[in-house]
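Asker: What would the 3D arrangement of this be:
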Amino acid sequence: MVVAAALREEITIPEGVEVIIDDDVSIKGPNGQISRKFTHPNVNIKIDDNKVILETSFPKKKDKAMIGTTKAHISNMIIGVTDGFTYHMKIVFAHFPMTVKPAGDKVNIDNFLGERHPRHAKIVGDAKVSVKGDEVTITGVNKEDVGQTMANLEQATKIKGRDPRVFQDGIYLTSKE
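Answerer: Next up is the predicted model:
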């Protein structure tokens, strides 16, 4: 059995992005700032020659997995502060016109399937929700916040107790950018 002495991954830092590593990883870019704490004990994170270096010595299967996961998270953070994440959703209804309005840290969904009480979906983190006609756009620098906000909107309009082939009302994801 041959065991690798070390595993090393590199992420190039683009122009205009600043990465600070102390207790957590903070990334600043033209669209904003995002920080996250990575706590796996066998993964070392450092900056060298305009690159983020992820290293582990004598890696086990779990350490290799954590290197890949950490690399993906940091890459998504860099993409978020440079380009941002945008999810487009469509409001679909057949008979009862539903009204969707962002209000503070939640989105109010009125008249869904003719219901008297409004439904609510939580806006996670710094995600921004805008509604224009039957299009809902969710934007933000944190991919996880934008994705969870999108999932909350979809789940808030989930239909229970009816045939989903007939009752297709809801708010559905159409594209990601």
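Asker: ok, what's across the strand from the residue nearest to Asp126 when sequence neighbours are not counted?
Answerer: Leaving aside its chain neighbours, Asp126 sits nearest to Gly140 (5.6 Å; criterion: CB to CB, 6 or more residues apart in numbering). C-beta coordinates here come from the backbone N, C-alpha and C atoms, glycine included. Counting by DSSP bridges, Gly140 forms beta bridges with Phe85.
Asker: Helices of this structure, start to end?
Answerer: Taking DSSP state H, the helices of the chain run over residues 61-82, 143-156.
Asker: Mean neighbour count, these: which tops it?
Answerer: helix 143-156 (a mean of 20; mean count of other CB atoms under 10 Å).
Asker: Touching that helix from outside, list them.
Answerer: Applying CB atoms under 8 Å, 6 or more residues apart in numbering, the external contacts of helix 143-156 come out as 76, 79-80, 85-87, 89, 107, 109, 119-127, 129, 136, 138-140, 170-173.
Asker: Restricted to buried residues, select those residues in PyMOL.
Answerer: One line in PyMOL is enough to select the buried members of these, burial here meaning 16 or more other CB atoms under 10 Å:
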select buried, resi 76+79+80+85+87+89+107+109+119+121+123+124+127+129+136+138+139+140+170+171+173
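Asker: show me where pLDDT drops low in this protein?
Answerer: Within the chain, the stretches with pLDDT under 70 are 1-4.
Asker: give me that answer again for 80
Answerer: For the chain, the stretches with pLDDT under 80 are 1-5.
Asker: where exactly do the strands run in it?
Answerer: Under the criterion DSSP state E, the chain contains strands at 6-12, 18-21, 25-29, 32-36, 44-47, 51-57, 85-92, 99-103, 106-110, 119-122, 128-132, 135-140, 170-176.
Asker: and of those, who's closest to Ile159?
Answerer: Closest approach to Ile159 among these is made by strand 170-176 (6.9 Å; CB to CB).
Asker: just the angle between the closest one and helix 143-156, please?
Answerer: Orientation check (axes from the mean of the first three to the mean of the last three CA atoms, to 10 degrees): strand 170-176 against helix 143-156 gives 150 degrees.
Asker: In its sheet, which strands sit next to strand 170-176, and in what direction?
Answerer: strand 85-92 (antiparallel).
Asker: Residues touching the partner strand, excluding its own?
Answerer: The contact list for strand 85-92 (CB under 8 Å, 6+ apart) reads 79, 98, 100, 131, 134-143, 146-147, 150, 153-154, 168-177.
Asker: Out of the helices of the chain, the one nearest Ile34 is which?
Answerer: helix 61-82 (5.1 Å).
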